[in-house]
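**Q** I would like the atomic coordinates for the input below:
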Amino acid sequence: MKILVIGGAGYIGCHVAREFLDKGHAVEVFDNLSSGCRENLFGEAGFTEGDILDYAALRRAMDAGFDGLVHLAAFKAAGESMLCPEKYSVNNIAGTINILNAACETGIPRIVFSSSAAVYGEPQYVPIDEQHPKEPENFYGHTKLAIEQLLGWYDKLKGIRHASLRYFNAAGYDVKGRVRGLEKNPANLLPVTMEAAAGMREKLEIFGNDYDTDDGTCIRDYIHVNDLADAHVRAFDFLTTNGQSLTVNLGSESGVSVMTMVEAARQVTGRDIPAQIAGRRPGDPAKLVASSALAKKHLGWEARYSDVVTLLDSTWKVYKDLQG
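**A** Numbering: from 1, shown residues only. Coordinates of the predicted model:
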C-alpha cells in the first residue's frame, strides 16, 4: 500500500513512517519542518516539503495517489494552546479541513488520525474509556475533538473512513536506535527532563505539587512512541480490512506521577537533574490514565515498550550521544 504521512518528519511522525516502511508499505512524507527535522527522514521514503495551510501544495502532493494517509500535523502543546488559541484554530482545525477536502478531491479513502485523550478533560473516572464524557480542559484538546467531529461528518457524507487514536503522553525513542533527531522546542516531561540531565537547560520545572495524588504531582499515562507507531499501522490495516471507522484509546493503563518519573530519570541517567516546583498550568488535570481495552479487542494492540525504564533509557541514549 502507498501511504502519505503528514507530519512524518516530526517526533511521532517519523516513528510512524518507520513502522509503515518496516511493514512493507511505500511511504511519502509531507512536512513543513517547523517541528520536524530532515535528520528523521528515511531514505526509503519520499519527501515533500509543504504546509497543510497551503492547499495547493497539499493537493499536488495527494495527486500522486495514495491508499491512505496519516494525519500528525497538529500543534500539540496544551499550555501554549491556552495562550494562543488562534494559532491552534488555524493550524489544527483549518489545516485539517484542507487535508479532508484534498483527500476528497484525490480519492484518498482512509485516514488515520493522531488524536489525543485530552478530548476527555478532567476524568470523572479512571481508567478513561472511549465512552467517557468529552469536556476538554484545554484548547488543544478542543481542537482534537473538533477534528474528530469533522472526520465523522466526512465519513458520513463522503465515505472517507477514519481511525482516531486517542492517547496522552508520547515518550521514548526508537528502541532500535534508528531515530536520532531531537524534537524541536519540546514541552513534554521526558525530553525536558533529558535536556536538564544533559545540561541543555539549567533546571526542570515541575508544574504543581499540590494535586490530589500521592506525591502531589500530576499522574500521566506515558506511551512509548514505538507502541504508538505500531498502533497507527494496525489502525490502517483495520480500515483496509473492515471498511468502517474506529475510535480507540491507546494507553499503558498504568499512570506515573511526574515526581516518580523524574526520580527514575535520575537513576537511569546517573545525573542530578535539578528541578524546581512551579505553579500549576491552566488546563492540567490531576490524573489521566486511559483504558486500551477496545484497541486490544479491535486492533490486537497492547503496549510492549511503555514501562518506565524503556521509556527513559531509549530517550537518554539519544541525548547522551549528543554529549559525545
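**Q** please identify the helix or strand for Pro133.
**A** For Pro133, there is no host helix or strand (DSSP states H and E).
**Q** which residues touch it?
**A** Applying CB atoms under 8 Å, 6 or more residues apart in numbering to Pro133 gives the contacts Tyr120, Gly121, Gln124. Yep, even glycine has a C-beta here, placed from its N, CA and C like the rest.
**Q** what does Glu135 give?
**A** Tyr120, Gly121, Glu122 are the contacts of Glu135 under CB under 8 Å, 6+ apart.
**Q** hmm, try it at 10 Å
**A** By CB atoms under 10 Å, 6 or more residues apart in numbering, the residues touching Glu135 are Val119, Tyr120, Gly121, Glu122, Gln124, Gly141, His142, Leu145.
**Q** the stretch 101-250 of the chain: helices as residue ranges?
**A** Applying DSSP state H, counting those that start in this stretch to the stretch 101-250 of the chain gives helices spanning 139-158, 189-197, 225-242.
**Q** give the rounded mean pLDDT of the first one.
**A** For helix 139-158, mean pLDDT is 98.
**Q** my guess is Pro127 meets Ala290, correct?
**A** Yes: under the criterion of CB atoms under 10 Å, Pro127 makes contact with Ala290 at 5.8 Å.
**Q** which neighbours do the two share?
**A** By CB under 10 Å, 6+ apart, Pro127 and Ala290 have these common neighbours: Asp221, Asn249, Gly251, Ser252, Glu253, Gly255.
**Q** now, which of the residues you listed sits nearest Leu165?
**A** For the shared contacts of Pro127 and Ala290, the closest approach to Leu165 (CB to CB) belongs to Asn249, at 8.1 Å.
**Q** can you give me the neighbour number for Gly208?
**A** Using other CB atoms under 10 Å, Gly208 has 17 other residues around it.
**Q** and if you look at Arg59?
**A** Arg59: 16 surrounding residues under other CB under 10 Å.
**Q** which two among the contacts of Glu135 are spaced furthest apart?
**A** Using CB to CB, these span at most 17.8 Å, a distance reached by Gln124 and His142.
**Q** tell me which of those two has more neighbours.
**A** More neighbours surround His142 than the other of Gln124 and His142, with 23 against 10 (other CB under 10 Å).
**Q** isn't that one right up against Ala74?
**A** No: assessed by CB under 10 Å, His142 is found out of contact with Ala74, at 11.7 Å.
**Q** give me the common contacts of the two.
**A** Residues touching both His142 and Ala74 (CB under 10 Å, 6+ apart): Tyr88, Asn92, Ile93.
**Q** tell me where the chain has strands.
**A** Taking DSSP state E, the strands of the chain run over residues 2-6, 26-31, 46-49, 68-71, 110-114, 161-167, 169-171, 204-207, 219-220, 222-224, 246-250, 256-257, 275-278.
**Q** format these as JSON lines; extra columns: mean neighbour count and mean pLDDT.
**A** What follows is the strands of the chain, written out as JSON lines (neighbours: other CB atoms under 10 Å; pLDDT from 0 to 100):
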{"stretch": "strand 2-6", "mean neighbour count": "26", "mean pLDDT": "98"}
{"stretch": "strand 26-31", "mean neighbour count": "23", "mean pLDDT": "98"}
{"stretch": "strand 46-49", "mean neighbour count": "16", "mean pLDDT": "98"}
{"stretch": "strand 68-71", "mean neighbour count": "27", "mean pLDDT": "98"}
{"stretch": "strand 110-114", "mean neighbour count": "26", "mean pLDDT": "98"}
{"stretch": "strand 161-167", "mean neighbour count": "25", "mean pLDDT": "97"}
{"stretch": "strand 169-171", "mean neighbour count": "24", "mean pLDDT": "93"}
{"stretch": "strand 204-207", "mean neighbour count": "17", "mean pLDDT": "95"}
{"stretch": "strand 219-220", "mean neighbour count": "23", "mean pLDDT": "94"}
{"stretch": "strand 222-224", "mean neighbour count": "25", "mean pLDDT": "96"}
{"stretch": "strand 246-250", "mean neighbour count": "25", "mean pLDDT": "97"}
{"stretch": "strand 256-257", "mean neighbour count": "22", "mean pLDDT": "96"}
{"stretch": "strand 275-278", "mean neighbour count": "13", "mean pLDDT": "95"}
